[in-house]
Each structure stands twice: as C-alpha cells, then as structure tokens.
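# only the shape, not the letters, is given here:
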C-alpha cells in the first residue's frame, strides 16, 4: 500500500531552521502544516510550549 505523496522533506525543515539561525534569529518553534508548508516562528522559545503528540505516521496520514 502506498503511503501517498510526501508534502515536505526533513532536509527542507533543517534548511529552514539553519537559515533562520544563520541570520542571527532565534527559533521559537516550527510548524508544519498538513499541506507541507513550513512555518518558522522567530523569537525566544517559550518554556510553556509543549510538543503535540501527532501519533504515528500512519495515523497522521490516515487523517488526510
């Protein structure tokens, strides 16, 4: 069974974070939208920010 189209790659995420950090900005968090859009939120990381459990890849893909 095919997994479906990949909307983003890990290397794209790493490149976005690296570019932000090289510009001197601090990364507060990173959001990946279901359509594959990567959003890098700049600023100081919040200690109250808790990662959201997305479940397994299969569960996430099934929600599409």
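Okay, I see it. This one's a predicted model, so the numbers in the text were calculated from it and none came from an experiment.

# which residues of the protein score low on pLDDT?
In the predicted model of the chain, residues 1-4, 47-64 satisfy pLDDT under 70.

# rerun that using 90 as the cut-off
1-10, 29-37, 43-64 (pLDDT under 90).

# list phi and psi for residue 14.
When read as degrees, to the nearest 10, the backbone of residue 14 gives phi -60, psi -40.

# tell me how far it lies from residue 21.
The gap separating residue 14 from residue 21 is 11 Å, by CB to CB, to the nearest Å. Heads up, the C-betas are built off the backbone N, CA and C, glycines and all.

# and those two? which has more neighbours close in?
More crowded of residue 14 and residue 21, by other CB atoms under 10 Å: residue 21, with 13 against 10.

# that one touches residue 15, doesn't it?
No: Residue 21 lies out of contact with residue 15 (CB atoms under 8 Å); the separation is 10.9 Å.

# show residues contacting stretch 25-41.
Outside stretch 25-41, the residues within contact range by CB atoms under 8 Å, 6 or more residues apart in numbering are 6-8, 12-13, 16-17, 20-21, 42-46, 49, 64.

# buried among those residues? Make that a ChimeraX selection.
The ChimeraX command for the buried members of the contacts of stretch 25-41 (criterion: 16 or more other CB atoms under 10 Å) is given here:
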select :16,20
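
# most widely separated two among the contacts of stretch 25-41?
44 and 64 (33.2 Å; CB to CB).

# which residues in this protein form strands?
With strands called from DSSP state E, the chain shows them at 27-32, 38-42.

# which positions in the last one come out as buried?
By neighbour count with 16+ other CB under 10 Å, strand 38-42 contains the buried residues 38, 40.

# quick one: work out the angle between it and strand 27-32.
160 degrees (axes from the mean of the first three to the mean of the last three CA atoms, to 10 degrees).

# so what strands line up beside strand 38-42?
strand 27-32 (antiparallel) (DSSP bridges).
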